[in-house]
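Asker: Need a 3D model of the following:
(5 chains, ligands or ions: 4)
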Amino acid sequence: MSGVELQNVVKRFGDVEVIHGVDLKVDHGEFCVFVGPSGCGKSTLLRMIAGLEETTAGAIRIGDADVTHAESAERGIAMVFQTYALYPHMTVAENMGFGLKMNGHPKAEIAAKVREAADILKLEPLLKRKPAALSGGQRQRVAIGRAITRGPQVFLFDEPLSNLDAELRVEMRAEIARLHREIGATMIYVTHDQVEAMTMADKIVVLRAGNIEQVGAPMDLYDDPDNRFVAGFIGSPSMNFLAGTVKAGAIEVPGLESALNLPLALPPEGTKVEIGLRPNALKIDAESGAFKVDMAENLGGVSYAHLRAPSGERVIVETDQRLSAAGGGTVGLRFDPADVYVFRADDGARVRA
Amino acid sequence: MSGVELQNVVKRFGDVEVIHGVDLKVDHGEFCVFVGPSGCGKSTLLRMIAGLEETTAGAIRIGDADVTHAESAERGIAMVFQTYALYPHMTVAENMGFGLKMNGHPKAEIAAKVREAADILKLEPLLKRKPAALSGGQRQRVAIGRAITRGPQVFLFDEPLSNLDAELRVEMRAEIARLHREIGATMIYVTHDQVEAMTMADKIVVLRAGNIEQVGAPMDLYDDPDNRFVAGFIGSPSMNFLAGTVKAGAIEVPGLESALNLPLALPPEGTKVEIGLRPNALKIDAESGAFKVDMAENLGGVSYAHLRAPSGERVIVETDQRLSAAGGGTVGLRFDPADVYVFRADDGARVRA
Amino acid sequence: MSVSPAISQGSAGQPAPRKRRRLSRKLAPWLFLAPGMFMFLIYVLIPIGRSVWISFYQWDGLSPAHWIGLENYAELLDDDAFYTSLKNNVIWLVLYMLAIPLGLFIALFLNQTVRGIRIYKSLFFFPFVISQVVVGLIFSWFYAPGFGLFYKITEWFGGQGVAVLADENLVTYGIIAAGLWPQIAYCMILYLTGLNSVAPDQIEAARLDGAKGIKMLWYVVLPQLRPATFIALVVTIIGALRSFDLVSIMTSGGPYGSSRVLSYYMYEQALSEYGYRMGYGAAIAVVLFAIMMIFISGFIWKMWRDERGL
Amino acid sequence: QQRTLTLNTDASDPAPKAAFDQLIKGFEAENPDVKVVVNIFDHEGYKTAIRNFLTADSPDLANWYAGNRMAPFVKSGQFLDVSDVWEENGLKDSLAPALSSMTIDGKQWGVPYTYYQWGIYYNKDVYKKVGVEVPKTWDEFISNCKKFKAAGIDCLTTGTKALWPAAGIFDYLDLRTNGYDFHMKLTNGEIPWTDDRVRKVFAEWAKVVPYTTPNTAAIDWQDAVSNIVQGKAANYVMGNFAVATFKDGGMTDDSLGFMDFPEITPGIPRAEEAPTDTIHIPAGAKNVADAKKFLAYIARADVQTKMNQELGQLPINVNSTVGDDPYLQAGFKILSTADGGIAQFFDRDAPAAMAKAGMEGFQEFMAKPERLDAILDRLEKTRQRVYKN
Amino acid sequence: MFPRPIQTMSPAARTAYKVALPVMLVLWLLPLLGVAMTSLRPSSDLAQGNYFGMPSYLAFSNYLDVFRNSPFASYMLNSFRVTIPTMIGAVALSCLTGYALAVYKFKGNLLIFFLFVAGNFVPFQILMVPVRDLTVKMGLYDTITGLALFHVAFQTGFCTLFMRNFIKALPRELIEAARVEGVGEWQIFWHIVMPLVRPAIAALSVLIFTFIWNDYFWAMVLTTGADTQPITAGLNSLNGQWVAAWQLVSAGSILAALPPVAMFFLMQKHFIAGLTLGAVK
Ligand SMILES: Nc1ncnc2c1ncn2[C@@H]1O[C@H](COP(=O)(O)OP(=O)(O)OP(=O)(O)O)[C@@H](O)[C@H]1O
Ligand SMILES: Nc1ncnc2c1ncn2[C@@H]1O[C@H](COP(=O)(O)OP(=O)(O)OP(=O)(O)O)[C@@H](O)[C@H]1O
Ligand SMILES: [Mg+2]
Ligand SMILES: [Mg+2]
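Answerer: Ligands and ions are numbered 1, 2, ... in the order given. Sure, this is the predicted structure:
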């Protein structure tokens, strides 16, 4: 009913094309997260949906309407900015009611809607304050409140939590998730943060240089990435990659004792590949091996061993044992072959069964 | 030989006392990290050691000398700032040699020292550049280089890595650790970052509102915190706390099936206490229990269940199973009684055996 | 890699042979301040006090001064010319404020990114750089009875040309118009830079909220331009109260004293050809100073608040 | 041995400068042991500068103006009494026309060396075109005005932006209406401005206001000159110095006429207006002896003759001769036959504050004659304040 | 960006804007254009009442005449002789005071700062009589030095406000880092702060240049003759001499306006930075 659909959407700034024809369907009520490295076009895409950037080509539909060239105010959307973008000279209540006031709603109605939104976000005690007198978390909450008041079909968030400190971020994350559950509107959310993406999304869209790399549920992306980029991008600490070569139907990786014999549709003999192993899929074999221990970090509950492969590649192993911090010596690695991902070295495509 | 000793050090800004008589001994060659919540006085304490803030009362000794009222320049220290504080109009080499030059050292000597420091930090290729032409990590490295050139007895760092992005932070962390190992000078390091504190420190000093809460090696603080504050501050995610009461030589906690019978010197009957349990010490007992599941976060390798105790307290459980994100239903908790920490509810002091 | 003992052991504890005695951090600020403070004291602060002092004397600059207490002020109260000047100062103060909205208007007009806009902005700013003497001459020419452009235009419209500078009812407005010209340019540049730093995210948020045009200006942009407006207000008030140059150049206070302002009247009384009533002039200056003090105090108060806020 | 004599002067314009050069050369030739050092000041700036150098760094001689203009300096003791110079050289006779304006408290305070006449300069061609005669009386003048008006010509023009040109008109109207003594008393503050005789003066003035160029308050006197030059106006009450400006504008002796201000009240001894320039010895002079010698020198008939030829003005010394310039000749004639007396000028006869207020009043009257009562009340108030002490 | 970029509007609006720009500009600068035109008009045109029509020819000689028959060159030279030393002096002094007020914490810091600020807003008139007196007593009346000294002192107030705020905006750590390194206070000022405030110095110099160049009041109060008066006061007295010679007045006005205008165009960036930073005259 009020999903968002992008059809071959293109954005050019002058001569530079930064979005290269994106197709995407976000269903009504879905929580969709855009992730990707800096500069990949997340914000641009979001701002095109918001109508803050002209769409160069393609079409954008919200609900049943083609809004490609509609004014922002007429798209039935609300946006929450990274910088909050609160009007510093208005009180919280005025901030939240501003959109309605501009659209000529009667005072009583505005007051009622503001009260309602304040109620949802527990902002009542702050309604009379100016933004300057609020903490970062409170400001972000007001920014969300402002979005709610307008009762949009679609909420857009551009890295809304990245200006908050770690603790607050966790709290606000939960708040937004709750909000989504309560009002059930479609939400599109841009973030840099692994954890936000993994925990909040119904659907993650991984962008890279203006193209979509993969779309899917968080655990699908984690468990079954389409390519090396997605595999490396999702999961923290990142997946470890080791270069190898297809030889005699198996994969030979320098440093590993034996060639890997995996039930996959391997590319032809001699093809360069990379194998991927998540840090928590690895175990240290203290007896012997080719991996130099650079150092170890004990964080209390978990420890990370920083190893270096004979080829110079770094490998991180997660363990719940305490390690000696200084490092030194060499070790081997153990893992379940089922945890190994294989990618072609040339285009990074996943080698599947 | 060149340790740092604070004796009942007090700092007042006007009428406001922000450091309330701190005693601390940092041994020669030790790596000491100050942590604590924002505004607790970490920077102030460091700046007092540096001589950038007057010491209101008490004494500061560096090596054998009382430097309480000495000029910064005469304390044999070097300081690395969060903002790098490089002189933007000088080249890297000039930045590094400036202090020596101003103190009238001969040119040849300066050049030699700069080269030496550049060598340690691999800065040779950058010596001719201006700071504006450097990346964040390089700038921080130059700032450290500038400190090294003067060959101080004590290095002071004030959140040196907090302006770097996550990846660089990891790299520079390793760099500073290596530096410490190589030149073996005393280092005092202020940070917000759990991981930095845990991985770099020989000794962590936990500050709170101008007082020292606890001093010790990282794992000692993690395993054996003196009070509720330190327990909650060290470790991520934070320790869970549940309110309880001493009853009949055991601790009764609402929501736990049975009272906890721990081999501790429990306070008198009826005393309010809090028990602490780290998220990774908890297991979910799906059969039955009093804890409502608010939601769950799956990060791929690890998952967190957010529970709510009958008393309304939040509890986080770390697990490597995938959970259903939506939450709902109630569960019980299982844990090894040896993993339970007990604190007095009134002053937060640890109840030990 | 190992590090030479030279570095690890260090010598910073006893840094290089000190050649000069280090300037102490306590004394340093006073040494840095000394020359500037001295000049400022001699030429600004002490003279202010002396002026107040002189205002209690009758003094022609030649004969010995002669104490008359508050008589100068008493005379002021009964001096038509003083009231004319005061009234004109108020008119200046009020009408000069027009520079602010007009400056804003031009700034909004010019705040675009089309080709050559930088040149346009500079040219619009031109009048501010020009000396008030030149501005005064230009406008005298503009108003000149008989052939002035303005005179011609009014003649063309109304049959009878208007000699602005000869008409006691128009002359002050005529001078203010001349003064507004550079002042508008000044306010314009302040607003142009102000507009540059208007937070784009707030504009975008407001756009999403459906604010457009005048509403956007009133509710979102103007509040953000408050610092620029404040500065514009300060410089405009000061400009209005200091309005000496134009009066002196364009009319010398005439016709028959109807375009005098306090600052000019003071000069006239104290130093002009028919003046040399130093005490009386000083008394006028003190009144002007008192009026200005209201605004200065306001400004300082705001600065003080900002400094505390830091 | 060589003595020096310092002279501060405002002779910055070319003609006065040349005059002073020649004067000093002459003096040095006669007194080879004296070296005259001249400091030349800007004409306008001099009015301010004199106050400074008199108190701070006094020269031996300084030039200034006669009448009330020198009163502040005399009263504050800045000028030396030079009555002895007058006595010894018989100047009371030879400089008789300026005696009264050089005398304060019965003593003489300096020596005059030049003056120039005021009067009415007119455009002969315009008179010819309209077909009127040069008037002898004020009534004739006014009736001429009507004819000028009919021809679209301003009868009287002036430019009062600098205020003083209006005072010239007032002075003459008063001198012709009430006579010299009355005028002097008025400028001395002895007669209230609300006096009926003063009102009479303004009544005469009111007659010519409708025929006067409008907006004079915004016009410089030089701009008004071009009205005469271009034939837009007929008459101009001015000082002789304006002749150069008229001629710059293209007028010649054939087109530029000069007449004495017409008679108003018959039978009153005729008085004229002739501002006088003077030289004084400051109280702080170091070489008073030579300074007095210099005064005696400049008072001499031959010296004044030569000097005024350079200046293009009239010598004071009755034994001097005047150049053959027709306007100077005319001026010399009317001044030497002025039996009523010679006034300096309103702003030299009246004290500064009164002069300023008066001239503003005149300017206002020309624009708004109906405000006469208010103007006179104001002037009276000023008079009471200014002459109080 | 507000108002909405014209590029996003209809082609008609865009064209209208492109036309409106030059029209507005001409209207805005009409008095100036008139004067510029007059300055090139031969005097014969003016004599014949041709004030606004096409000049019969472009009389560049007016500009020569300005120099030829008046001490115009001397006035211009005086302006430079006052302006440049004042610029240097005021900026130098305010670097020192601004540094002291920005960097050191000491009792009375704010008070002194506010004194400078307040002094800067004071109406000149209240200083006039005593300053004139003082200058006379020092024997500097009617000298370039006397005028320049006063300007230096008075502008120090404004410059201090400006410099102090600029230096205050420098990262404190730079100074602290130097202190830790054992760099002396003067050395910090000279080697660290001065190089970093160069943009401010440039901006300030341009501002002071225009302020002083355009000063009229003090030139009137403290100088009298063509030997010492700057162009503003000179122009006024020439205006007295040149009445009815509007072509000369115009040419003189244009010439007098030229140096600050040239300064403005050359140093535009600094100028605007200066105005917004210092913001006050
Ligand atoms: N107004 C603009 N003009 C020109 N190029 C732009 C503009 N805005 C963005 N770009 C370019 O478009 C690309 C995508 O930018 P965008 O801001 O969408 O990235 P992002 O994914 O949001 O990055 P980040 O995570 O850093 O916010 C970048 O290369 C950027 O340089
Ligand atoms: N110059 C000062 N004047 C007054 N109070 C100050 C000053 N500097 C610091 N404080 C106060 O002293 C306390 C300690 O500040 P400090 O900067 O040492 O905290 P911190 O632990 O470094 O915090 P953060 O982690 O945010 O850097 C704070 O309450 C702060 O407000
Ligand atoms: Mg972005
Ligand atoms: Mg800190």
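
Asker: could you say what helices and strands the one helix or strand residue D:379 maps to packs with?
Answerer: Element membership for residue D:379, per DSSP states H and E: helix D:372-386. Here helix D:372-386 touches helix D:196-208, helix D:352-367, going by 3 or more C-beta pairs under 8 Å, 6 or more residues apart in numbering or on different chains; DSSP states H and E. For glycine as for every other residue, the C-beta is placed from the backbone atoms N, C-alpha and C.

Asker: Let me know the average pLDDT across the longest one.
Answerer: Just to be clear, that refers to helix D:352-367. The pLDDT scores in helix D:352-367 average 90.

Asker: And for the shortest one?
Answerer: Per-residue pLDDT values over helix D:196-208 give a mean of 92.

Asker: Which neighbouring elements make contact with it?
Answerer: So helix D:196-208, by 3+ C-beta pairs under 8 Å, 6+ apart, packs with helix D:138-150, helix D:164-177, helix D:352-367, helix D:372-386.

Asker: Grab the nearest non-local neighbour of the residue of the stretch 101-250 of chain E found nearest chain D.
Answerer: Per C-beta to the nearest C-beta, residue E:224 is where the stretch 101-250 of chain E lies closest to chain D, at 2.5 Å. Using C-beta to C-beta, 6 or more residues apart in numbering or on different chains and skipping the chain neighbours, the partner closest in space to residue E:224 is residue D:45 (2.5 Å).

Asker: Helix, strand, or coil at the one you found?
Answerer: Classification of residue D:45 using DSSP: H, G, I helix; E, B strand; the rest coil returns helix.

Asker: Hmm, it is touching residue E:227, no?
Answerer: No. Applying C-beta atoms under 8 Å as the test, residue D:45 and residue E:227 come out as separate, 9.7 Å apart.

Asker: Please name whichever of the helices and strands packed on helix D:196-208 is nearest to residue A:288.
Answerer: helix D:352-367 (111.6 Å; C-beta to C-beta).

Asker: mind listing what residue E:14 touches?
Answerer: With contact taken as C-beta atoms under 8 Å, 6 or more residues apart in numbering or on different chains, residue E:14 is in contact with E:6-7.

Asker: Next, see if the helix or strand containing residue D:29 gets close to chain E.
Answerer: According to DSSP H and E, residue D:29 maps onto helix D:14-30. No. Helix D:14-30 is not in contact with chain E by C-beta under 8 Å from any C-beta of the partner chain; minimum separation 10.5 Å.

Asker: Per-residue pLDDT of residue 338, please?
Answerer: Assuming you mean chain A. 91.

Asker: nope, chain D
Answerer: pLDDT, residue D:338: 83.

Asker: who's in contact with it?
Answerer: D:270-272.

Asker: just to revisit the earlier point, tell me which of residue D:45 and residue E:227 has more neighbours.
Answerer: Ranked by neighbour count (other C-beta atoms under 10 Å in any protein chain shown), residue D:45 and residue E:227 place residue D:45 first, with 22 against 18.

Asker: Now for that one: which residues touch it?
Answerer: Residue D:45 sits in contact with D:10, E:142, E:223-225, E:229, where contact means C-beta under 8 Å, 6+ apart.

Asker: can you put the residues you listed in a markdown table and add pLDDT?
Answerer: Listed next are the contacts of residue D:45 as a markdown table, based on pLDDT from 0 to 100:
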| residue | pLDDT |
| --- | --- |
| D:10 | 86 |
| E:142 | 83 |
| E:223 | 85 |
| E:224 | 77 |
| E:225 | 73 |
| E:229 | 87 |
